[in-house]
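Undergrad: Please work out how this folds:
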Amino acid sequence: MSTEEKPAAPRSLAEALRARDDASLAALLRSRPDLITPVPTDLTQLATRAGTRASVVRALERLDRFTLQTAQALAVASDPASYEELLGLMAGDDGDPTVAAALPRAVGVLREQALVWGGDDRLRLVRTARELLAPSPQHPSPTGLGPTVQEATAGMSPGRIQELVATAGLPSTHDSVSAAASLTGLFRDRARMRALLAKAPEESLQVLERLVWGPPYGQVTADPAPRLRWLLDRGLLLPTAPGTVVLPREVALHLRAGRAHRAPEPVPPAVEAAAVHRPQVVDATAAGQALTALATVEELLKEWDEGGPAVLRAGGLSVRDLKRTAVALDVSEPVAAFWVELAYAAGLIASDGEADERYAATPVYDEWLERPAAERWGLLAEAWLAATRTAGLVGGRDAKDRTLSALGPGLDRSAAPEVRHRVLALLAGLPEGAAPDPESVLARLHWERPARGGRDTEDDLRGRLARWALSEAELLGVTGRGALSGHGRALLGAPAPEPAPAGEPEGPGDKLPVHHHHRHPAPALAALSPAEQAMATAAAVRLLGPLLPEPLDHVLLQADLTAVAPGPLQRPLAETLGVLAEVESKGGATVYRFTPASVRRALDAGRAAADLHAFLAEHSRTPVPQPLAYLIDDVARRHGHLRVGAASAYVRCDDDALLSEILADKRSAGLRLRRLAPTVLAAQADPAALLEGLRAMGFAPAAESAEGDVLITRAHAHRTPPRTAPEPVPDGPPAPDATLLTAAIRAIRAGDLAATAPRKPNPGAAAAPVTGGELPRTSSAETLATVQAAVLTGQALWIGYVNAEGAASQRVIGPVRVEGGFVTAYDHTADEVRTFALHRITGVAELADDDV
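TA: As a prediction, this is how the structure comes out:
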């Protein structure tokens with residue numbers, strides 16, 4: 001009667017990987033994409049790469065709090081350790097059921113990411129991870145544990161160790177190793193340790209209490225106090241250096257009731273709702289803010305339409321220019337930096353590349369303006385979601401203590417898109433209309449990806465990114481009143497929200513604490529591919545469109561020389577009104593004020609008084625007030641009565657009395673005017689200065705060309721050459737897609753087959769046997785003879801091959817034909833028929849009959 005043989009336990013990480021199926025390998029490569037950049041040649045190389053310091057550090061930094069605590073516990077456990085030992089370190093002697101329930105998931109994650117290998121009876125942390133996490137005097141462990149008795153007594157004299165054993169009440173041993181083992185056995189025996197500590201002085205126990213949760217090191221004098229001497233004589237404290245003692249790991253674990261961590265965190269903190277609003281209120285508020293965002297970006301670009309601020313030599317905006325922009329937009333400087341960076345990320349502004357380099361709108365801005373409002377918002381929101389440039393850093397200092405400026409270098413943070421996406425995903429997990437407590441969001445993010453320096457430290461970049469993400473989402477209209485809007489949810493590609501609990505208040509101002517019910521780690525929303533993100537953005541645009549008001553084709557004229565726009569205006573109307581009047585206030589309604597200067601500006605742009613009267617009559621829902629009509633006629637009557645041209649400059653007028661009035665005015669002295677004829681004055685100032693001087697004196701001159709025609713002055717929009725939006729700086733290699741994973745796993749397995757397939761011994765070869773990873777070596781004659789024989793017999797061969805680029809590889813081939821110095825064969829590694837040059841084959845060996 002035959003019985004199934006139990007598979008042998010893996011002896012290395014490479015063997016453990018070799019035993020995995022394709023789905024398990026795909027999960028590893030998906031969670032650690034740096035392992036396939038480039039694709040390893042075989043599983044041995046994959047295992048080697050998975051154990052490199054850079055890759056292990058990167059993997060550890062992406063573990064959640066409890067999984068990292070599990071890895072830290074394994075670093076202070078035996079090597080290898082059983083699952084039961086690990087459970088004892090995590091759950092303690094009393095056995096915390098919550099920890100016990102969460103531990104299999106944590107071990108599974110560590111196994112999946114190849115940080116732990118082996119069965120439950122022999123769990124091994126990869127060597128690099130153990131070196132990083134194990135306690136040492138230079139790098140204390142987060143567990144607060146010190147070295148083991150064996151490690152702490154390694155340099156101790158045999159006589160001193162025997163004294164410790166005797167004082168502790170243990171029989172003497174024949175060597176230091178067995179003495180250390182005897183002490184270790186004592187400290188691990190709960191009953192004997194309780195009996196030993198029951199005899200300890202109270203002051204000695206207080207010393208142990210101070211050291212038990214770390215740091216485990218303390219200072220002593222050459223003549224220790226009695227309370228310390230009692231501990232030192234029994235090995236409960238061990239010297240590590242002159243004047244320094246340490247609490248052995250086994251003693252600390254006894255005092256901790258077996259727990260490696262003071263406070264294991266098996267369950268993520270709940271994301272709590274600070275308030276609940278009706279979804280309609282949230283969507284309406286977010287839509288209103290989206291409209292404000294569009295108006296702000298348009299105002300910014302209008303401010304820079306004829307050429308924006310200069311580019312600093314090191315790149316970016318100067319502090320003064322950022323302040324001016326903030327004043328123009330009527331926002332704070334950090335908010336102004338956000339809008340500037342958002343426009344830059346969307347490709348709407350860039351430097352013009354001229355000799356006196358300045359920032360200006362790009363041609364994309366003109367195309368953007370022609371789109372419907374919802375589509376314009378979609379472009380901004382998508383650019384924000386993917387941008388790695390972080391406006392919140394503006395005003396801070398870089399590593400060289402230089403100020404970080406808006407649009408300047410040093411603002412890219414690769415983690416920013418992932419943090420924004422995760423923050424919005426946590427909001428999407430709350431009931432519809434629920435606004436989260438920001439602190440609970442930060443606590444959850446800190447659990448999912450602990451900061452090396454802890455929360456509320458400079459190292460906690462993710463915490464700062466999360467705070468900025470919450471405020472920027474509100475500014476942009478992705479959230480409303482702190483809750484994720486419907487179009488914001490669609491932007492993420494999130495599923496439909498869960499309904500609010502029954503009986504929840506529906507008032508817009510209700511403030512009811514609501515706890516997020518999913519306390520266990522739920523799978524995060526997957527990052528979307530560019531095509532999927534485009535579809536999600538289109539869905540968000542469709543949801544936002546009906547919430548935005550239709551542009552108006554009218555204003556309300558008032559008798560105090562103002563016009564009120566009760567909503568967003570159609571673009572031609574807004575542009576003309578922007579020339580004819582000054583914006584006095586913004587908000588739900590925009591107030592424009594008509595002034596002599598603004599009317600003159602419209603006349604300078606080529607409009608006649610009749611055109612202005614017709615324009616106002618057509619677009620006003622109220623009659624044109626008489627004061628406004630008088631203002632237009634009065635400015636128009638004086639406009640162009642004086643003509644200014646280039647002599648250097650001259651003034652001509654049919655009314656010589658008016659010219660005499662100008663000459664008699666003391667304010668004209670700076671223009672240095674003199675009469676050339678009764679109707680002509682010459683000036684030594686240039687035409688532009690002459691125009692400004694006469695206007696300051698209260699006149700309304702018009703510029704004329706050399707032919708005597710009135711010059712129409714319109715603002716000349718300055719545009720950069722075509723520019724592309726800045727590319728986000730990736731956070732390491734991109735996550736591989738399914739096609740790449742399939743191809744990579746296929747190539748790795750094929751390479752592993754070539755590297756590990758048993759070869760038949762070659763009786764005629766005098767060389768040493770080939771080990772895994774080395775290319776076979778045979779002479780040209782042997783290679784040709786072996787390949788020709790394989791063509792006749794159909795035998796598969798293992799070859800070493802160097803391609804035209806000099807890259808060496810191992811392959812398993814089935815030769816089909818040999819001619820002209822080439823062998824045509826089926827390449828099992830690439831799973832296709834290929835042609836190999838015989839002179840590039842380094843060697844060949846036959847495979848065992850049962851391998852291919």
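
Undergrad: I'd assumed Arg481 was in contact with Thr285.
TA: Yes - between Thr285 and Arg481 there is a contact under Cβ atoms under 8 Å: 5.2 Å. Using the backbone N, CA and C atoms, a C-beta is placed for each residue, glycine as well.

Undergrad: Just give me the neighbour total for Leu231.
TA: Residues lying near Leu231 (other Cβ atoms under 10 Å) number 26.

Undergrad: In terms of helices and strands, where is it?
TA: In this structure, Leu231 sits in helix 226-233 according to DSSP states H and E.

Undergrad: Could you point out the helix or strand that follows that helix?
TA: Using DSSP H and E, the first helix or strand after helix 226-233 is strand 238-241.

Undergrad: can you pull the alpha-carbon coordinates of that next one into PDB?
TA: The C-alpha trace of strand 238-241 is given here as PDB (Å, rounded to 0.1, in the frame of the first residue of the first chain):
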ATOM      1  CA  LEU A 238      24.200  41.800  31.900                       C
ATOM      2  CA  PRO A 239      27.200  44.100  31.100                       C
ATOM      3  CA  THR A 240      27.700  45.000  27.500                       C
ATOM      4  CA  ALA A 241      30.400  47.700  27.800                       C
END
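
Undergrad: Which of the residues in that strand are classified as buried?
TA: Residues of strand 238-241 classed as buried: 238-240 (neighbour count, 16 or more other Cβ atoms under 10 Å).

Undergrad: Contacts made by it with the rest, please.
TA: Outside strand 238-241, the residues that touch it by Cβ atoms under 8 Å, 6 or more residues apart in numbering are 137, 147, 149, 152-153, 156, 217, 220, 232, 245-246, 248.

Undergrad: how about JSON lines for the buried residues of strand 238-241, with distance to Ala750 and pLDDT added?
TA: What follows is the buried residues of strand 238-241, written out as JSON lines (distance: Cβ to Cβ, whole Å; pLDDT from 0 to 100):
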{"residue": "Leu238", "distance to Ala750": "53", "pLDDT": "91"}
{"residue": "Pro239", "distance to Ala750": "56", "pLDDT": "89"}
{"residue": "Thr240", "distance to Ala750": "51", "pLDDT": "86"}
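
Undergrad: show me what contacts Asp94?
TA: Ala257.

Undergrad: Let me know the pLDDT of it.
TA: At Asp94, the pLDDT value in this model is 88.

Undergrad: Also Ala750?
TA: 76.

Undergrad: go on, Leu393?
TA: 93.

Undergrad: what do you get for Ala830?
TA: At Ala830 the predicted local confidence, pLDDT, stands at 68.

Undergrad: Also the one 10 residues further on?
TA: Note on Arg840: pLDDT of 89.

Undergrad: Skipping its backbone neighbours, what lies nearest Ala434 in space?
TA: Ala273 (3.8 Å; Cβ to Cβ, 6 or more residues apart in numbering).

Undergrad: and the one you found, how many neighbours?
TA: Residues contacting Ala273 under the criterion other Cβ under 10 Å number 25.

Undergrad: Neighbouring strands of whichever strand or helix holds it in the sheet, and parallel or not?
TA: Secondary structure from DSSP H and E places Ala273 in strand 272-276. Sheet pairing for strand 272-276, assigned by DSSP bridges, gives strand 434-436 (antiparallel), strand 514-515 (antiparallel).
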